[in-house]
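K.L.:
quick one, what's the 3D model for this:
(chains A and B)
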Amino acid sequence: MRLSSFKYLVRQGWHSMVSNRLMTLASIGVLVACLMITGVAVLLSVNVGSYVDYLETFNEIEFFIDDSAPADVVENLKLQLPLAQNVAFCEYISKAAAVEDMRGWLGENGDVMNDYAGEGNEQNPLPASFRISLTDVSDMANTVQRLQSMGAYAVPAQDGTAVTYNAFYRINSPTELSSTLVNLRRIVSYVGWGLVIVLGVVSVVVISNTIRLTVFARRKEINIMKFVGATNAFIRLPFFVEGMTVGAISALLATGIVGGAYYGLEQALLQPDALWLSEFTRCMLPFFEIIGPLAGGFLLFGISIGGIGCASSIRKHLKV
Amino acid sequence: MPTTDMIRFENVKKVYTGIESKSADIVALHNVNLSIQKGEFVFVLGHSGAGKSTFLKLILREEKATEGRVFVNGRDLSKIRQRDIPYLRRGLGVVFQDFRLIPSMTAYENVAFAMRVTNIPERQIKRRVPYVLSLVGLSGKAHSLPQELSGGEQQRIALARALVHSPPIIIADEPTGNIDPELSVEIMELLQAINSLGTTIVVVTHEHDLAARFKKRTILIDHGEVVDDGVSPYGKEAAYL
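P.N.:
Alright, predicted model coming up:
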């Protein structure tokens, strides 16, 4: 296509938008509303995701070792557990290290632990343990079961049979918390995508109706174009320009509104009065990190919706 | 197909299938065989519902023949691809009874529009449109809007638009239907002048007086069939109209 023709078609699209300005404004209004709701849903979803990620870092499982477990079994576990499936991090806490930990927690009263300190101290009641964090928290229950089975060892009995024991006498695993977090993330994600799809369809219908009105107003022109030999692509282009421009303007407005609100919220959470929300603030994605993808997403969404809405409304009038 | 055939119908039948299952099929054209040569001036005459519009729609490939073959400008329209139809139409200048001018565009813009939408450079448009407007005697009205012009002048703009691509065939669908009798003659004379330059002209009309006046080849269609084909005036025509 020639540049002069392209310019002509773009001018036609723009002219049509200005001629039907009330309908154009109505479409932009509805599309901005749809984009805003979609944007808020997506931002909420990614921030909840970020918060869940943060909470997951505290998702530590403790495997307490029975004092009677043979040393070679414990040594084996030290080698095998870090290599086990779904284990992101594994730390062995000896009995003496547990005492030191406890001393740290007790703070200025830590002296009470003096009698139990030192390697091989027989009076030390605290068990050795493994602290493990997982790669995939959603598989916590299965992983715990699998790791626990690795602690099993057999001891020959006097009657010649073997008795099975487990090196782990207790396991502290926040299984419920992990499943709650996983469910929360899933729900937020489903709701977010559900909103994106529903509002996407609503937006297509709105744009499609606007373009349909324009097409109807210009049906005579389209008919003439067909009879003088204009190609379908040539006829469609001004309507695409109109649909996509409505989409792009709506995207820019929605970016301004949602981005501005997000920035305002971020600033408000940084105020001293809001320090009680510091847990959330820490996980909130910074404004400068979200504004690019937000604007890009809105533009892509708006322009695509404009194009799809246009394509769906003009087809009938091209059958001449 | 001989090179001089501009339009040829071979055993053409067109049936419109009923929209609802209960409504009967309508046979609009049946067993139509004809050919129109390069440089001919032909009237296609018939009363309302005779099949004239279907005849036109088949030439413009707005409709496809149910049976038989239609050739236009050397192309078999039963084989033409959907995306090639615009290029077929660029070789056909069409004039309608209701002029089909865009009210918001001046005479110049209406004619230029036909060139713009077919991707012709602006430079060429600026050269060609004033020339075509001068051919139809409307150079002085280039900047008038259609509603500021008489019916005859509007039809001349439509004719200028049809001429702008220098098509080898011009098809005029009831070109005098919406204008005064004196202006009708003016339009027909203009078409004759265009024909004298070698352009094939097909005028579809129900006005047998008009056809009789110009003594040109007249194809008479009735109930979807070509019932006569010869130089008007002649007896059969009056019997049908």
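K.L.:
need the contact partners of the helix or strand harbouring residue B:160.
P.N.:
For residue B:160, the host element (DSSP states H and E) is helix B:151-163. Here helix B:151-163 makes contact (CB atoms under 8 Å, 6 or more residues apart in numbering or on different chains) with A:228, B:93-96, B:99-101, B:107, B:110-111, B:113-114, B:129, B:132-133, B:135-138, B:141, B:146, B:149, B:170, B:172, B:175-176, B:178-180, B:183, B:186-187, B:190-191, B:194. Heads up, the C-betas are built off the backbone N, CA and C, glycines and all.
K.L.:
so for chain B, which residue is the most central one in space?
P.N.:
residue B:171 (1.7 Å; CA atoms, centre = their mean).
K.L.:
where does chain B have low pLDDT?
P.N.:
For chain B, applying pLDDT under 70 flags the ranges B:1-3, B:18-23, B:232-241.
K.L.:
for it, what lies in contact range of chain A?
P.N.:
Residues of chain B found near chain A (CB under 8 Å from any CB of the partner chain) are B:60, B:62, B:83, B:86-90, B:94, B:100, B:102, B:113-114, B:116-119, B:121-122, B:161, B:165.
K.L.:
in helices only, show me the residues you listed.
P.N.:
Of the residues of chain B next to chain A, the ones assigned to helices by DSSP state H are B:86, B:87, B:88, B:89, B:113, B:114, B:116, B:122, B:161.
K.L.:
just the buried subset of the residues of chain B next to chain A, please.
P.N.:
Neighbour counting by 16 or more other CB atoms under 10 Å in any protein chain shown classes B:60, B:62, B:86, B:88-90, B:94, B:100, B:102, B:113-114, B:116-119, B:122, B:161, B:165 among the residues of chain B next to chain A as buried.
K.L.:
okay, now the closest residue to residue A:236 other than its chain neighbours: neighbour count?
P.N.:
Of all residues not flanking residue A:236 in the chain, residue A:314 sits nearest, at 5.8 Å (CB to CB, 6 or more residues apart in numbering or on different chains). If you count neighbours by other CB atoms under 10 Å in any protein chain shown, residue A:314 ends up with 22.
K.L.:
from chain B, how far off is residue A:314?
P.N.:
From residue A:314 across to chain B, the span is 15 Å (CB to the nearest CB, to the nearest Å).
K.L.:
looking at chain A, which helix is longest?
P.N.:
Max-length helix for chain A by DSSP H is helix A:175-217.
K.L.:
give me the phi and psi for residue 92.
P.N.:
Reading this off chain A. When read as degrees, to the nearest 10, the backbone of residue A:92 gives phi -90, psi 130.
K.L.:
can you look at chain B instead?
P.N.:
Here residue B:92 shows phi and psi, under degrees, to the nearest 10, equal to phi -130, psi 120.
K.L.:
ok, residue A:158 next?
P.N.:
The phi/psi pair for residue A:158 (degrees, to the nearest 10) is phi -70, psi -30.
K.L.:
what bits of chain A have low per-residue confidence?
P.N.:
Ranges of chain A meeting pLDDT under 70: A:1-2, A:4-5, A:274-276, A:316-320.
K.L.:
got the domain boundaries for it?
P.N.:
Domain segmentation of chain A under automatic domain parsing yields A:3-55+A:179-318, A:60-173.
K.L.:
for the ones you listed, which one ends up most surrounded?
P.N.:
Most buried of the domains of chain A by mean neighbour count (mean count of other CB atoms under 10 Å in any protein chain shown) is domain A:3-55+A:179-318; its value is a mean of 18.
K.L.:
specify the beta-bridge partners of the closest residue in space to residue A:63 that isn't next to it in sequence.
P.N.:
Among residues not flanking residue A:63 along the chain, residue A:130 sits closest, at 4.4 Å (CB to CB, 6+ apart). Note on residue A:130: beta-bridge partners by DSSP bridges are residue A:63, residue A:92.
K.L.:
residues of the longest helix along chain B that come out buried?
P.N.:
If you go by DSSP H, chain B has its longest helix at helix B:181-196. The neighbour-count check on helix B:181-196 (16+ other CB under 10 Å) flags B:183, B:184, B:185, B:186, B:187, B:188, B:190, B:191, B:194, B:195 as buried.
K.L.:
which residues does the helix or strand encompassing residue A:61 contact?
P.N.:
Using DSSP H and E, residue A:61 maps to strand A:60-65. Strand A:60-65 is touched from outside by A:74, A:77, A:81, A:127-134, A:140, A:144, A:147-148, A:151, A:167-174, with contacts defined as CB under 8 Å, 6+ apart.
K.L.:
what residues does the stretch 151-300 of chain A have near chain B?
P.N.:
Counting by CB under 8 Å from any CB, the stretch 151-300 of chain A sits next to chain B at A:220-221, A:223-232, A:234-235.
K.L.:
before we move on, the earlier item: follow the chain on from the strand holding residue A:61 and name the next helix or strand.
P.N.:
Heading C-terminal from strand A:60-65 (DSSP H and E), you reach helix A:71-80.
K.L.:
where do the strands sit along the chain?
P.N.:
Here I'm looking at chain A. Counting by DSSP state E, chain A has strands at residues A:60-65, A:87-93, A:129-134, A:152-156, A:162-166, A:168-172.
K.L.:
I was thinking of chain B, sorry if that wasn't clear
P.N.:
Using DSSP E, strands in chain B cover B:5-16, B:26-37, B:41-45, B:67-72, B:75-76, B:92-95, B:169-173, B:200-205, B:217-222, B:225-231.
K.L.:
which residues touch the fourth one?
P.N.:
Think strand B:67-72. B:1, B:5-13, B:32, B:58-59, B:61, B:76-78, B:88, B:91-92, B:169.
K.L.:
that one to strand B:5-16, inter-axis angle?
P.N.:
Interaxial angle of strand B:67-72 relative to strand B:5-16 (axes from the mean of the first three to the mean of the last three CA atoms, to 10 degrees): 140 degrees.
K.L.:
what do you get for the last one?
P.N.:
Using the same axes, to 10 degrees, the inter-axis angle of strand B:225-231 relative to strand B:5-16 is 160 degrees.
K.L.:
buried set for stretch B:30-41?
P.N.:
B:30, B:32, B:34, B:35, B:36, B:38, B:40, B:41.
K.L.:
turn these into CSV, including distance to residue A:215.
P.N.:
Compiled in CSV, the buried residues of stretch B:30-41 are given as follows (distance: CB to CB, whole Å):
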residue, distance to residue A:215
B:30, 36
B:32, 35
B:34, 37
B:35, 39
B:36, 35
B:38, 38
B:40, 38
B:41, 38
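K.L.:
could you single out the nearest of these to chain A?
P.N.:
residue B:36 (19.3 Å; CB to the nearest CB).
K.L.:
which one is the closest one nearest to, not counting chain neighbours?
P.N.:
Nearest one to residue B:36, counting by CB to CB, 6+ apart, is residue B:7 at 4.2 Å.
K.L.:
for residue A:173, what are its contacts?
P.N.:
Counting by CB under 8 Å, 6+ apart, residue A:173 has contacts A:61, A:62, A:140, A:144.
K.L.:
at 10 Å instead, please
P.N.:
Residue A:173 is in contact with A:59-63, A:132, A:134, A:140-141, A:143-145, A:147-148, counting by CB atoms under 10 Å, 6 or more residues apart in numbering or on different chains.
K.L.:
distance to residue A:204 for these - can I get that in JSON lines?
P.N.:
Formatted as JSON lines, the contacts of residue A:173 follow (distance: CB to CB, whole Å):
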{"residue": "A:59", "distance to residue A:204": "41"}
{"residue": "A:60", "distance to residue A:204": "47"}
{"residue": "A:61", "distance to residue A:204": "48"}
{"residue": "A:62", "distance to residue A:204": "53"}
{"residue": "A:63", "distance to residue A:204": "54"}
{"residue": "A:132", "distance to residue A:204": "49"}
{"residue": "A:134", "distance to residue A:204": "42"}
{"residue": "A:140", "distance to residue A:204": "41"}
{"residue": "A:141", "distance to residue A:204": "43"}
{"residue": "A:143", "distance to residue A:204": "44"}
{"residue": "A:144", "distance to residue A:204": "47"}
{"residue": "A:145", "distance to residue A:204": "48"}
{"residue": "A:147", "distance to residue A:204": "50"}
{"residue": "A:148", "distance to residue A:204": "53"}
